[in-house]
Each structure stands twice: as structure tokens, then as C-alpha cells.
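K.L.:
Structure of the sequence below:
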Amino acid sequence: MTKDKLLDARPDDDQYDITLRPRSLAEYIGQQQVLDNLSILLEAARRRDEPVEHVLLCGPPGLGKTTLAHIIANELGVAIKVSSGPAIDHQGALGSILLNLSTRDVFFIDEIHRLNTVVEESLYPALEDFRFDAVLGKGVGASAATLPLPHFTCVGATTRQGLLSGPLRDRFGAVYRLDFYTKAELEKIVGRSARILDIEIHDDAVSEIARRARGTPRIANRLLRRVRDYAQVRGDGRATVDTTRLALEMLDVDEIGLEPLDRQLLHTVIVKFKGGPVGLDTLATSLSEEPETIEDVHEPYLIQIGFLARTARGRVATELAYRHIGIAPPQPESQQTRLL
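P.N.:
Prediction:
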């Protein structure tokens, strides 16, 4: 199957994600500090006529790491080769990609923290000295060979920077962290996406989607598409604030963007474990979910909005979480009956 056919075979939402992604720094909304630093990095490389230093992008899912990697390639006018940590499962796979790069190409590795140890160690000389150390043959006839590589730019993306080894992290000359977006930034993103998708949407509806998007552009665009579907099937095609609220109510997304599993997580911590602390593995077992899903997808936003705290002993629900799910928070210990 050709690359074009693979692209055509993608799910509907993935196709729209490609369409909605900005293609230049000027089109990118939010993350202003990252954009300012990145624009200087790219301009300096252009003026020196050199490849850009390796870039590491960190942050929760859906904040634009993949988009920024493609923007770097577009701004430089070079090709981009895309892979991921789990996909590069052996040294030969890495060598095949690296040896097919051209000078100044961008090599994007998503979820770079999931590279296995052998592949990661093979990547070190490629990033630092632009060479690939290969082993030719097997057994007693095997021999080592050093293959030169073109000067390329590696862009790594990770949702869990703490899992990166020190030697790998140190080989990136520029490290940028992406933060959750503000409501005003998400309103601009939703408005831009609505224009691209040719959706008639009211300003109040834009604000409603932005408020429930968990500070994440990917979620904002997903909610916008579902509101569009609802408006076309149950309404007159216009995304009014009432239509938007009905659509999001059907999706079971509440007024601050919490989904059923978020609320179930908070309820479990508060009711089953008396507010915590509770360990991640215990919590995951209670919810029948993978620990990585809770840690990477649900926890960051709950911690960001102050509903959950992560301590050395485990996860603890805050007073805000109690009030949100309608349970009275526990009384402070200071109100205990004094001994006479």
C-alpha cells in the first residue's frame, strides 16, 4: 500500500487533524514563549546556513508537539520523516531511517521516551557525531562498520520527560515544554477551525467549546466536529450555544470538560479510598484502566485545575473535587473534640 493510500485510509478525525493543523509559526496560536524561542532558533540556523539543533518537545498529549515538528520542517523547507519510540523496535529499523535522510531533514520521533535501550544507545552517536555504528553479518563473521550520516535535525516529543535518560536528554540542544492553553487561546483555535471546516458557529458556542476543552486544542477540535455533527442531524446546521450544550451533554462532557472516567476517578478516590492517598496501580485496578492512561491522559488536567494532588504516598482528592461531585469535604482535624 502506498503512502498516499495509507493517508486516504486514515479515520475521519485523523484526516481533519491534518487539515486543521497550522503549517507555519505565524498560524500557530498559543505557546508564545515557545514560539519566540523557536523562531530565534530557526532564524539563527538559516543565517548561519546550518542545520537546526536537535529539539525536544515536552508536555501532555494534544498540545501541539507533532504540529510544531511539522512546522519546523515547513519553516526550513525540508522533508520530515516521522516515526515513534515503539515503532523503532530494533537497531536495523533506526539505521534504515537515518541512512535515508538528506542533509537538514527533520527526523521526528514521537513518544521518544519509549525507545528501547539498544535503539537509544545507537541513537547517541547519530545525534552527536552524525554517524551510525552498525554490525554487519552474524556470529563469528560479524564485523563493525561506521556509516556517515547527513547533518539532520532530530525532533523528539514526549509526554513524560522524567522517563528520558540523562544522556538522551542532554543531546538535545533545545528543550521546550508546552503548557495547557488558556480559554482565550482555545477560542481563537475553535474559531479558526470552524472557518476551515465551514461551520456557522455563534460566539457563545465558541466560548462554550473552549471552556470544556480541558486546555487542549486536540480536544477542542474534536468537540467542534461533534457539535457540527449534532447541529446537522438534530438542528439546522448552525452551531448555536443551545445546540452546543445539547451536543456536549450527549457526549457527557460537563461544564469544565470532565468526562465520565474523570468523574469516576474522582469518585473512586473520594468514596472508596476516603479521599486518598491511593497508589496509582491500586487506582488503575479499581477503574479497570491502564496506569499509563490515568497518568498521561486524565491526571495532568485534574492536577492542573486543582482537583487532584500527587503526593509521595499516592493521589489525594482536594476540596474542589469533593464539591464538584457533590460530596461534603471532610472536616479539618483542628475541629476534633478537645480532651478535658
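
K.L.:
mind listing the strands in the stretch 101-250 of the chain by residue range?
P.N.:
Under the criterion DSSP state E, counting those that start in this stretch, the stretch 101-250 of the chain contains strands at 106-110, 131-136, 143-148, 153-158, 174-177.

K.L.:
got those strands as JSON lines, with mean pLDDT columns?
P.N.:
Converted to JSON lines, the strands of the stretch 101-250 of the chain look like this (pLDDT from 0 to 100):
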{"stretch": "strand 106-110", "mean pLDDT": "93"}
{"stretch": "strand 131-136", "mean pLDDT": "75"}
{"stretch": "strand 143-148", "mean pLDDT": "76"}
{"stretch": "strand 153-158", "mean pLDDT": "93"}
{"stretch": "strand 174-177", "mean pLDDT": "93"}
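
K.L.:
Compare those strands and give me the one nearest His298.
P.N.:
Closest of those to His298 is strand 153-158, at 18.0 Å (criterion: C-beta to C-beta). Every residue, glycine included, has its C-beta placed from N, CA and C.

K.L.:
then that closest one to PDB, C-alphas only?
P.N.:
The C-alpha atoms that make up strand 153-158 are tabulated as PDB, following Å, rounded to 0.1, in the frame of the first residue of the first chain:
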ATOM      1  CA  THR A 153      17.700  17.700  12.900                       C
ATOM      2  CA  CYS A 154      16.000  15.300  15.300                       C
ATOM      3  CA  VAL A 155      12.800  16.500  17.000                       C
ATOM      4  CA  GLY A 156      11.700  14.300  19.900                       C
ATOM      5  CA  ALA A 157       8.300  14.500  21.600                       C
ATOM      6  CA  THR A 158       7.500  13.100  24.900                       C
END
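
K.L.:
quick one: that strand to strand 106-110, angle?
P.N.:
Strand 153-158 runs at 10 degrees relative to strand 106-110, counting by axes from the mean of the first three to the mean of the last three C-alpha atoms, to 10 degrees.

K.L.:
Strand 153-158 pairs with which strands, parallel or anti?
P.N.:
Applying DSSP bridges, strand 153-158 is found paired with strand 55-58 (parallel), strand 106-110 (parallel).
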